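> let's see this in three dimensions:
(2 chains)
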Protein chains: 2
Amino acid sequence: MNIGLDMMGGDFAPLEAVKGLQLYLSDNIRTAQLYCIGDETLVKPLLEEHRVTSPNLHLVHAPEVIGYHEHPTKALKEKQRSSIAIGFHMLATGKIDAFISAGNTGAMLVGAMFSIKAVEGVMRPTISTIVPKINGGTGVLVDVGLNADCKPEQLNQFALLGSLYAQYILNINNPKVGLMNVGEEEGKGNILTQATYPLLKENTQINFIGNIEGRDLFNDKADVIVCDGFTGNIVLKLAESVYDITQQRGYGNDAYFTRFHYENYGGTPVLGVAKPVIIGHGISNDKAFRNMIDVAEKMIESDLCGKIADKFKS
Amino acid sequence: MNIGLDMMGGDFAPLEAVKGLQLYLSDNIRTAQLYCIGDETLVKPLLEEHRVTSPNLHLVHAPEVIGYHEHPTKALKEKQRSSIAIGFHMLATGKIDAFISAGNTGAMLVGAMFSIKAVEGVMRPTISTIVPKINGGTGVLVDVGLNADCKPEQLNQFALLGSLYAQYILNINNPKVGLMNVGEEEGKGNILTQATYPLLKENTQINFIGNIEGRDLFNDKADVIVCDGFTGNIVLKLAESVYDITQQRGYGNDAYFTRFHYENYGGTPVLGVAKPVIIGHGISNDKAFRNMIDVAEKMIESDLCGKIADKFKS
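So this is what the prediction gives:
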């Protein structure tokens, strides 16, 4: 398996990516071939300095970088020698099986949707986040911001995409799907959720358990929590701020709240595109990069994209 | 000033309402006349047992009760001798200046909108919640569930209603209004927030500071946080669950998280109706009832409803 890693993405690039590789390689017996895409004048000395060496490590020179504030489509077009453009080119042509970056999120999404394209039958790809459950389990919240306005049919697809992610990446058997709503009873909600409920109820490819409420995000009611990207983005950022507040209040060592730390998420795969694409947080540190490589491995091993394609065919 | 209190509303009625009155009366020199509306065969013995006596206390007999699961409109129509129906009748006819209940929320909303009616110019009344800020201050989140689907013009009105509440009840001078959104820049958001932003920007009656994100709920960026009722309800319930989790994790005495406890909110006024109506949490305890009476006093003293009417006239 071949994994491409954008060395130039993230606020602390390329240092944290280098340290992430080091963590990854030191952890276990690793068999993936890792393609480190970035400016070799910066990356090579750092790899040497940190003694990150492995026959599985391959440096791919990319002299350009897409900055955080660049316009995604324009930058991808104009900076064809950037790490993100080269990464997508390698993914599209099969030189790598997964591409990871903590760089410009917009450029990653545009690259995923236009150079890799959506799985046939998927109306809109989506991004999710992992939700630490109070009992120790893990849930998936989907969508968390890629699709601010959604149609009921899209939410119905997110439910399936999230279920497959929960099943194959988080190893949750027959994941329970809940619709994020303002009340438990069928018929509650805004126009969108009222129209989505019957679709989820009739969808035999998922295990729909009904509406859930804001208070159920962290409990066991649902493994996959479906909402539009506007709601999901606000919920995600609110949850992140709760983590920050627990840190400020001195509960930094709390075993539950610690699980909220972004570094444990291992990045956000773009669900519904034909090949594995993983987007990291801008502030990604070494542990976050290591975890993103792990998620990429799992996505390749489980052939999640193939499983998604199969389900959307039927 | 005359305040009506539904003695039969809340999970622990009428006991907690009685104890709330006791707290209220013991606290300070109180001048409000309190009309205790409820079944006198239940309320009177409890008042005697807890030695809650005052020349300002007046028992109003209401032999019927509207239960939690009754259909609001139907129950209000059929149970005209219920505490909620009598309370609204007294409010509509001027016998009381404010009405408080922790009973059936739907019946309270229907009563507020149909027997008291919206202030002229207000498209849709709204309900808000108080948000404890990490720095010690207090914010207002509006709407939190009355209006699941909103138009931009409604959000623009919620901004003004929330600002007046923040100013006159929370004593926040020139409250900063933020639009809950998925990004800070103008132009970000779903169709609703994109269309709302310019209205807020042009609204000279409010102090609009731009978009805020989920992570800004508890910080100082905005005093009044505007969103549709679907989003607000999910955010509110999520925040409530965070409080529960901090309790479970053993941080029950944390000075910040303690402020999340519903009992400190003092109920939710229905903003935009012509007279003060305050809805309490079903689990309201004595402190919650005391605080609701306090909020009613403030609403009457400041003539919040009159101030709202003035602003919506102009």
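> what's in contact with stretch A:60-77?
Here stretch A:60-77 makes contact (C-beta atoms under 8 Å, 6 or more residues apart in numbering or on different chains) with A:4, A:8, A:35-40, A:79-86, A:88, A:90, A:103-104, A:106-107, A:109-111, A:282. C-beta here means a position set from N, CA and C on the backbone, and glycine is covered the same way.
> the helix or strand of chain A with the lowest mean pLDDT near chain B at all?
Ranked by mean pLDDT, DSSP states H and E, the helix or strand of chain A with the weakest confidence is helix A:255-258, at a mean of 88. Yes: judged by C-beta under 8 Å from any C-beta of the partner chain, helix A:255-258 comes into contact with chain B at A:Tyr256, A:Phe257.
> send the alpha carbons of that helix over as PDB?
C-alpha atoms of helix A:255-258 as PDB (Å, rounded to 0.1, in the frame of the first residue of the first chain):
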ATOM      1  CA  ALA A 255      -9.700  10.800  30.800                       C
ATOM      2  CA  TYR A 256     -12.900  11.700  29.100                       C
ATOM      3  CA  PHE A 257     -12.300  15.300  28.100                       C
ATOM      4  CA  THR A 258      -8.800  14.300  26.900                       C
END
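> direction included, what does the helix or strand just after it pair against?
Once helix A:255-258 ends, the next helix or strand along the chain (criterion: DSSP states H and E) is strand A:268-271. Within its sheet, strand A:268-271 is paired with strand A:126-132 (antiparallel), strand A:277-279 (antiparallel), according to DSSP bridges.
> please, which helix or strand holds A:Ile245?
Assigned by DSSP H and E, A:Ile245 falls within helix A:229-248.
> nearest to chain B: which residue in the stretch 1-150 of chain A?
With C-beta to the nearest C-beta as the measure, the residue in the stretch 1-150 of chain A that lies nearest chain B is A:Ala148; the distance is 3.9 Å.
> who touches the spatially most central residue of chain A in this structure?
Centrality entry for chain A: nearest residue to the mean C-alpha point is A:Thr268, 1.1 Å, by C-alpha atoms, centre = their mean. With contact taken as C-beta under 8 Å, 6+ apart, A:Thr268 is in contact with A:Ile127, A:Ser128, A:Thr129, A:Val144, A:Ile278, A:Ile279, A:Gly280.
> and which of those is nearest B:Asp97?
Looking at the contacts of A:Thr268 and their distance to B:Asp97, the nearest is A:Val144, at 46.1 Å (C-beta to C-beta).
> so how far is A:Thr126 from the closest residue to that closest one other than its chain neighbours?
Using C-beta to C-beta, 6 or more residues apart in numbering or on different chains and skipping residues adjacent in sequence, the residue nearest A:Val144 is A:Gly232, 4.1 Å away. In this structure, A:Gly232 lies at 9 Å from A:Thr126, with C-beta to C-beta, to the nearest Å as the measure.
> which parts of the stretch 51-200 of chain A sit against chain B?
By C-beta under 8 Å from any C-beta, the part of the stretch 51-200 of chain A that sits against chain B consists of A:Ile134, A:Gly145, A:Ala148, A:Asp149, A:Met180, A:Val182, A:Gly189, A:Asn190, A:Ile191, A:Thr193.
> show me the beta-bridge partners of the residue nearest to the centre of chain A.
A:Thr268 has the following beta-bridge partners by DSSP bridges: A:Ile279.
> ok, it to B:Phe208 distance?
In this view, A:Thr268 and B:Phe208 are 32 Å apart by C-beta to C-beta.
> ok, which stretches of the stretch 151-300 of chain A are helices?
If you assign secondary structure with DSSP state H, counting those that start in this stretch, the helices in the stretch 151-300 of chain A sit at A:152-168, A:191-202, A:229-248, A:255-258, A:286-301.
> redo those helices as JSON lines? Include mean neighbour count.
Putting those into JSON lines (neighbours: other C-beta atoms under 10 Å in any protein chain shown) gives the following:
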{"stretch": "helix A:152-168", "mean neighbour count": "24"}
{"stretch": "helix A:191-202", "mean neighbour count": "18"}
{"stretch": "helix A:229-248", "mean neighbour count": "22"}
{"stretch": "helix A:255-258", "mean neighbour count": "16"}
{"stretch": "helix A:286-301", "mean neighbour count": "22"}
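> cool, thanks, talk later.
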